[in-house]
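>>> give me coordinates for this.
(one chain, ligands or ions: 2)
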Amino acid sequence: PIDGFSFDKDFFNNNPLERHASLDHHNPELVAPLSFLSEYWSTMGDEQRSLAFATAAATLKSLPFAVTTMSQIVDLKGLGSGHCLKVLQETLDTGSCREVVAKRDSDKYKSIKSLTGVYGIGNSVAEKLYTSRNITRVSDIIASWGCLALHDERIKYGVAYYGDLNTPVTREAAERIQGVVRRELDQVAQGCKLELTGGYRRGKSSGHDVDLLVCCGSNDEDGASVSSVRSAGVVGSGGNAGTDGVLARLLRRLRHTGLILHARLDRPPALNEAAYRKQSDRVSSMDNYEKCFCILKCPLQDDWTPDPMDDIQTDLSSLVTSGQNGDRGWRATRVDLVYVPQHQWPYAVLGWSGSKLFLRLLRRYASSTLGLVLTSHGLWSKDRGRLLPANSEQEIFAHLGLTYKHPSQRNF
Ligand code: DCP
Ligand code: MG
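Ligands and ions are numbered 1, 2, ... in the order given. The predicted model follows:
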């Protein structure tokens, strides 16, 4: 018992996936420095260190009591090396942590953080801009645009709509986006599912993007194919010849209505089941669905309608001017649209509901404890390669021998 609280430490230590991590937990002051350090290392490009701090933060989030002394937590699994414990000790003793303060104030971190806030700029490009071009802010990118040779087209839009895209998307805005996408989807195919996943499904009240899964049942089993995708003005990433799929048709409608600022359709080559499994051996969170990474105009009011005749700007300076016009009835918003065949739906919903750390732990457990391969496409046994079908998330948890966990408890 801890402070009169009955807490089964052995069960907690031995069953990390049976822990509940909700948004509203008992240890916000201790989680904050660990979450910051996780974010810090992710921004600086060290995913292993980021993961270690995220795992420690998740451990504290799932404790059923507020920690007041180190003796309550020293032998908890998940707190990792002495480093996390040192951070926690100092935070408990003094209310803050010098390492966190120093890192938060460091010039390099502040610069890399600003630069990776640009849609399309990852850690390695940010590092190069900072180190070899002395670029520290978005305004530097605009000023030096002509000589930076940033060829990824997303970056231009990321720069132009930097303010919008770095403002959290409220649930209300996400549901408004879902509404406008739903309206156009109904024009493209009948009876499709359109599910809001990502952090919103875990109960978060805001997020950095809107993750929408589309499923049109057996009538449109592969969703895909491409011939007129390019004529819809979409920049594809390859793709085969064939008839238009739901996503390409949806995209064309969204564009026609004037809702799209930028879209990149990703059409990975079709994989057979053996290839799906092989791909998942990398324990990556990437999947092989056809998807569209978009920047949409999110209406600020329900009664706003886009003007399809709005000029489509393509050069940076007119985009920047349009991006800084705050009086336009919409806000640029990142939206991921993912097309999911019906028989993979529960696996896709599980995979896209996150959190990233929860899914990572789930995949690792499936692999190392059960000898199964779990991806956003399905669950296979490694030896025979047999697909374990599921009609619901509950059935997936049952296949894994775990108690069903509500999305609100997956905030690892
Ligand atoms: N995901 C995935 N494959 C991708 C991208 C994401 O499987 N190519 C998964 C991982 C996340 C979930 O989808 O658990 C949503 O990704 P986000 O990065 O949008 O994460 P959140 O929605 O949890 O965070 P936020 O609230 O910041 O949007
Ligand atoms: Mg999201």
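
>>> would you mind identifying the next helix or strand past the helix or strand of the chain with the lowest mean pLDDT?
The weakest-scoring helix or strand in the chain, judged by mean pLDDT, DSSP states H and E, is strand 235-236 (a mean of 30). Downstream of strand 235-236, the first helix or strand assigned by DSSP states H and E is helix 246-257.

>>> ok, the helix or strand following that next one near ligand 1 or not?
Under the assignment DSSP H and E, the closest C-terminal helix or strand after helix 246-257 is strand 260-266. No. Between strand 260-266 and ligand 1, judged by CB under 6 Å from any ligand atom, nothing touches; the nearest distance is 9.0 Å. Using the backbone N, CA and C atoms, a C-beta is placed for each residue, glycine as well.

>>> His83 in helix, strand or coil?
What DSSP: H, G, I helix; E, B strand; the rest coil gives for His83 is helix.

>>> confidence score at it?
Confidence at His83, expressed as pLDDT, is 97.

>>> now the closest residue to ligand 2 within the chain: closest residue in space, sequence neighbours ignored.
Nearest residue of the chain to ligand 2, counting by CB to the ion: Gly198, 3.1 Å away. Setting aside the residues directly before and after it, Gly198 is nearest to Asp211 in space (CB to CB, 6 or more residues apart in numbering), at 3.5 Å.

>>> measure how far stretch 118-134 is from the centre of its chain, please.
Put simply, stretch 118-134 sits 21 Å off its chain's centre (CA atoms, centre = their mean, to the nearest Å).

>>> tell me which residues in it are buried?
Within stretch 118-134, the residues that count as buried by 16 or more other CB atoms under 10 Å are Val118, Tyr119, Gly120, Ile121, Asn123, Val125, Ala126, Glu127, Leu129, Tyr130.

>>> any idea how far ligand 1 is from the residue nearest to Gly198?
5 Å (CB to the nearest ligand atom, to the nearest Å).

>>> for that residue, give me its contacts.
Contacts for Asp211 (CB atoms under 8 Å, 6 or more residues apart in numbering) come out as Leu196, Thr197, Gly198, Tyr200, Asp336, Val338, Trp352.

>>> is it in a bridge, and if so with what?
Asp336 (DSSP bridges).

>>> quick check: phi and psi at Pro306.
phi -70, psi 160 (degrees, to the nearest 10).

>>> and Arg267, by the same measure?
Backbone torsions of Arg267, given as degrees, to the nearest 10, read phi -120, psi 90.

>>> so what's the residue count around it?
Neighbour count of Arg267, defined by other CB atoms under 10 Å: 23.

>>> quick one: it from His151, how far?
Distance of Arg267 to His151, computed by CB to CB, to the nearest Å: 20 Å.

>>> mind checking pLDDT for the closest residue to ligand 1 within the stretch 251-400 of the chain?
As assessed by CB to the nearest ligand atom, ligand 1 sits closest to Gly354 within the stretch 251-400 of the chain, at 2.3 Å. On pLDDT, Gly354 comes in at 98.

>>> just checking, it touches Arg410?
Yes. Using CB atoms under 8 Å, Gly354 is in contact with Arg410, at 6.8 Å.

>>> between those two, which contacts overlap?
Residues touching both Gly354 and Arg410 (CB under 8 Å, 6+ apart): Arg202.

>>> so which bits of the stretch 101-250 of the chain are right by ligand 2?
Selection of the stretch 101-250 of the chain residues close to ligand 2 by CB under 5 Å from the ion yields Gly198, Gly207, Asp209, Asp211.

>>> rerun that using 6 Å as the cut-off
Neighbours of ligand 2 within the stretch 101-250 of the chain, by CB under 6 Å from the ion: Gly198, Gly199, Gly207, Asp209, Asp211.

>>> now for the third one: which residues touch it?
Spelled out, it's Gly207. Neighbouring residues of Gly207 by CB under 8 Å, 6+ apart: Pro168, Val169, Ala174, Gly198, Gly199, Tyr200.
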